[in-house]
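**Student:** sequence plus the predicted model coming up.
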Amino acid sequence: MNTVELLERFKDEEIFLKSCEKRPLDVQQKAQLNRKGNMLLNKGDVESARRIFITTGYSDGLLRIGDYYRSKGRVIDALRMYWIAPDKKKSAELIMELSFMVKNLIHEGDNDDG
């Protein structure tokens, strides 16, 4: 059953239906959104730019957001952006850093007397 048929079933009801169906963006829409995302990022509105870049799948923008997060110590957020981009090299570097940190935390816990 497609969305139109589903909505027809409820046309006389006073209800709210939310559809999670994504409509594909055409090339012009993606380019326009990416330009807006770049403008927002340059102005410092990182979170708005991030939302746009995730929507469009703009890997260069996602990498720059990841680099920004990494510079601010937001390693998990950076990893998420690198993973979505996808940039296997940057993802692998952060995974190694995180695994090293976890390993050290575990060994610190083993050495505590309390």
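**Tutor:** Nice, thanks for sending it over.

**Student:** and the end-to-end length of stretch 66-77?
**Tutor:** End-to-end span of stretch 66-77 (CA to CA, to the nearest Å): 7 Å.

**Student:** got a list of contacts for it?
**Tutor:** 46, 78-82, 85, 87, 90, 94, 97-98 (CB atoms under 8 Å, 6 or more residues apart in numbering). Quick note: C-beta positions are derived from backbone N, CA and C, even for glycine.

**Student:** in helices, which of those residues fall?
**Tutor:** Filtering those for membership in helices, criterion DSSP state H, returns 46, 78-82, 90, 94, 97-98.

**Student:** now which of those would you call buried?
**Tutor:** Among these, those buried by neighbour count (16 or more other CB atoms under 10 Å) are 78-82, 90, 94.

**Student:** quick check, nearest of these to Leu41?
**Tutor:** Nearest to Leu41 among these, counting by CB to CB, is Met81 at 12.1 Å.

**Student:** without its sequence neighbours, what residue ends up closest to the closest one?
**Tutor:** Gly66 (3.3 Å; CB to CB, 6 or more residues apart in numbering).

**Student:** that neighbour: neighbour count?
**Tutor:** 26 (other CB atoms under 10 Å).

**Student:** state the distance from Asp67 to Asp26.
**Tutor:** 29 Å (CB to CB, to the nearest Å).

**Student:** whichever helix or strand Gln28 is part of packs against which elements?
**Tutor:** Assigned by DSSP states H and E, Gln28 belongs to helix 27-43. Judged by 3 or more CB pairs under 8 Å, 6 or more residues apart in numbering; DSSP states H and E, helix 27-43 is in contact with helix 46-56, helix 59-71.

**Student:** could I get these as TSV with mean pLDDT and distance to Lys36?
**Tutor:** Shown next, in TSV, are those (pLDDT from 0 to 100; distance: least, CB to CB, whole Å):
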stretch	mean pLDDT	distance to Lys36
helix 46-56	96	6
helix 59-71	97	11
